[in-house]
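[1] only the shape, not the letters, is given here:
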Ligand SMILES: Nc1ncnc2c1ncn2[C@@H]1O[C@H](COP(=O)(O)OP(=O)(O)OP(=O)(O)O)[C@@H](O)[C@H]1O
C-alpha cells in the first residue's frame, strides 16, 4: 500500500503565560504578573497513514489530537520533525478556521476553494451542488460571522467534499451539525471510503471510530500510546479511563475512610465458569449459561450492600444487567473475605465476544467498587444472523389470495 501521510518524530511546543505565585510577584516586584511556561503539546509522534484508510484520533481533552490534525493540515508548523503528504487535502478544522468572518458564504466558498488550488470555473461548476448539500441557501449571501455554528459547519463540510480531496481531515466539528446533517455527512464519508480516499477523524465518539475507522490512534499527553485496530485500541482506552476513575474513587474512599470505611471494600477475584465446566474466557454454546463467582475484601462489616452483575459488548454497550435488589436478595458483607456466585442461564446472545461487569455499592447509592471488564466470554453462532440477540429465523413464501 502507498502511504499518503508520513509523520516523522513530530513535536510541537506552545508557550503559555501563567499568573505568577505571590512569592514570585514579591521577588519580581514591579514587573509583569505573568510568567512564560513552555510545554509540549505533541512529542515524538511518528505515524504512517496508507492511502484509502480511515484513521480515528482519540484521547483525553488536551491530549494533542487537534494540534496533530492542524499540523497535518499545515496550519501549525512543527518545532521538530516533519509531515509529508501526497495528494490534495481538504480540512474541516475547529470552528472559525478556514472561513473569513467578514466575507459572505458565497465569497468564502470561492476563497476556500482557491486556497485549495481549484479554479474559478471548476467552482462555478460545483457551486450549486455545494449550496444544495449545505442546505443554507437562504444565508449564502450573509457574512459568515452571523452564521450559527451548525450553518458554518454545513457550508465548510459541503466545500470540503466537493473539492475532490484525496485526504480529508475532520475535527470534532461534525458534532455541531444537527442529526439529519450528521447522518448525511457520515453517508458521504462512507462514499469517500468506498472511493479509496484517506480520512483522518478527530472525535470523542468512540462508537463512530469503531464503526467507521480502520485504525485508531490514541494520544495521551501529546504522545501516541496505542495504534491498533479500533476495537483493541478503544478497549485499552476505556480500560485506562476506568482505571483513572477507580484511582479517583480510591482517593475519595481514603478521604472518607473515617466516616465510611465500607467504601474501601474491593473485589479481589472475579471468575466465570461455563455450564460445561470451562473457566477462563470460555466459548459458550447457544443454550449454555454461566456462573460468575466474586470475592470481595472489606475492612468492615456492612449490611446494606447492593451487587450488580452485567453483560456488555466489547465497546461497553449493556446487553443485560441485574442487581441483588432486583433479585430481592439482601447482601451482608463480612469484615475480611466474602465470596458469592450468580448463575445466568442461556441469555439468547448471538455470536460474538462479551464482557461481564461487576459492581458493589451501598443502598444509599454510593459506589464502592466497579469492575467493567471483570471476565470475558464468547458465544458460538451459526452464521445465520447479525446483531446482539439470537432468533430462530424461518423464511417462507406467503401464497397470494
Ligand atoms: N495555540 C495554542 N497555544 C497554547 N496552547 C495551546 C494552543 N493550542 C493548543 N494548546 C494546548 O495544547 C494542548 C493540546 O491541545 P489540543 O487542542 O490539540 O487537544 P485535543 O486533544 O484536541 O483536546 P480536545 O479533546 O479538548 O479538543 C492543550 O493543553 C491545549 O491547551
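    Received, thanks. Values in this document were obtained by computation on a predicted structure and should not be read as measured data. Residues are numbered from 1 along each chain as shown.
[2] only C-alpha atoms for contact and neighbour calcs from this point on.
    Noted.
[3] confidence-wise, which helix or strand of this structure is lowest on average?
    Sorting the helices and strands of the chain by mean pLDDT, DSSP states H and E puts helix 22-27 at the bottom, at a mean of 68.
[4] low-confidence stretches in the stretch 1-150 of the chain?
    Within the stretch 1-150 of the chain, the stretches with pLDDT under 70 are 1, 20-34, 94-97.
[5] could I get the full set of strands for it?
    3-19, 34-50, 54-59, 80-85, 89-92 (DSSP state E, counting those that start in this stretch).
[6] repeat that for the stretch 151-300 of the chain.
    Using DSSP E, counting those that start in this stretch, strands in the stretch 151-300 of the chain cover 167-170, 198-202, 215-220, 223-228, 266-274, 283-284, 290-298.
[7] tell me what the fifth one is packed against?
    When you say that, I think you mean strand 266-274. strand 290-298, strand 367-379 (3 or more CA pairs under 8 Å, 6 or more residues apart in numbering; DSSP states H and E).
[8] what about 10 Å?
    strand 283-284, strand 290-298, strand 336-344, strand 352-362, strand 367-379 (3 or more CA pairs under 10 Å, 6 or more residues apart in numbering; DSSP states H and E).
[9] tell me how far that strand lies from the chain's centre.
    Distance of strand 266-274 from its chain centroid, counting by CA atoms, centre = their mean, to the nearest Å, is 28 Å.
[10] that one: which residues count as buried?
    Under the neighbour-count criterion of 16 or more other CA atoms under 10 Å, strand 266-274 has 266-267, 270-274 buried.
[11] now the lengthiest helix in the chain, how far from the centre of its chain.
    Looking across the chain with DSSP state H, the single longest helix is helix 230-255. When distances are taken as CA atoms, centre = their mean, helix 230-255 is centred 14 Å away from the chain's centroid.
[12] then stretch 266-278?
    Worked out by CA atoms, centre = their mean, stretch 266-278 lies 30 Å from the chain centre.
[13] average pLDDT for that stretch?
    Averaging pLDDT along stretch 266-278 gives 94.
[14] spatially nearest residue to the residue nearest the centre of the chain (excluding sequence neighbours)?
    Computing the C-alpha centroid of the chain and ranking residues by CA atoms, centre = their mean puts residue 206 first, at 2.6 Å. Nearest non-adjacent residue to residue 206, counting by CA to CA, 6 or more residues apart in numbering: residue 234, 7.1 Å away.
[15] state the distance from that neighbour to the ligand.
    To the ligand, residue 234 is 15 Å away according to CA to the nearest ligand atom, to the nearest Å.
[16] burial of residue 6, as a residue count?
    16 (other CA atoms under 10 Å).
[17] if you could redo that for residue 10, that was the one I meant.
    Look at residue 10: counted by other CA under 10 Å, it has 21 neighbours.
[18] closest one to residue 152 among the helices and strands packed on strand 266-274?
    Among these, the nearest to residue 152 by CA to CA is strand 367-379 (39.2 Å).
[19] tell me what that closest one is packed against?
    Partner elements for strand 367-379 (3+ CA pairs under 10 Å, 6+ apart): helix 230-255, strand 266-274, strand 283-284, strand 290-298, strand 302-312, strand 352-362.
[20] nearest to residue 144, of those?
    Between residue 144 and the helices and strands packed on strand 367-379, the shortest gap by CA to CA is with helix 230-255, which sits at 36.4 Å.
[21] quick check: mean pLDDT across the closest one?
    Per-residue pLDDT over helix 230-255 has a mean of 85.
[22] show me what that helix is packed up against.
    Applying 3+ CA pairs under 10 Å, 6+ apart, one finds that helix 230-255 contacts strand 54-59, helix 206-212, strand 215-220, strand 223-228, strand 367-379.
[23] out of the ones you listed, which is the most enclosed?
    Highest mean neighbour count of these: strand 54-59, a mean of 27 (counted as mean count of other CA atoms under 10 Å).
[24] who does that one pair up with?
    Sheet partners assigned to strand 54-59 using DSSP bridges are listed as strand 198-202 (parallel), strand 215-220 (parallel).
[25] state the mean pLDDT of the last one.
    For strand 215-220, the per-residue pLDDT values average out at 94.
[26] ditto for stretch 180-191
    87.
[27] wait, residue 184 sits on residue 161?
    No - counting by CA atoms under 10 Å, residue 184 does not reach residue 161; the two are 11.8 Å apart.
[28] between those two, which one's more packed in?
    Between residue 184 and residue 161, residue 161 has the larger neighbour count (other CA under 10 Å), namely 19 against 12.
[29] I'd like the strands paired with strand 54-59 laid out as a markdown table, including distance to the ligand.
    As requested, those are exported to a markdown table (distance: least, CA to the nearest ligand atom, whole Å):
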| stretch | distance to the ligand |
| --- | --- |
| strand 198-202 | 8 |
| strand 215-220 | 7 |
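[30] could these go into JSON lines alongside distance to residue 289?
    Shown next, in JSON lines, are the strands paired with strand 54-59 (distance: least, CA to CA, whole Å):
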{"stretch": "strand 198-202", "distance to residue 289": "40"}
{"stretch": "strand 215-220", "distance to residue 289": "34"}
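[31] so for residue 66, which of those sits nearest?
    Here strand 198-202 is closest among the strands paired with strand 54-59 (CA to CA), at 7.0 Å.
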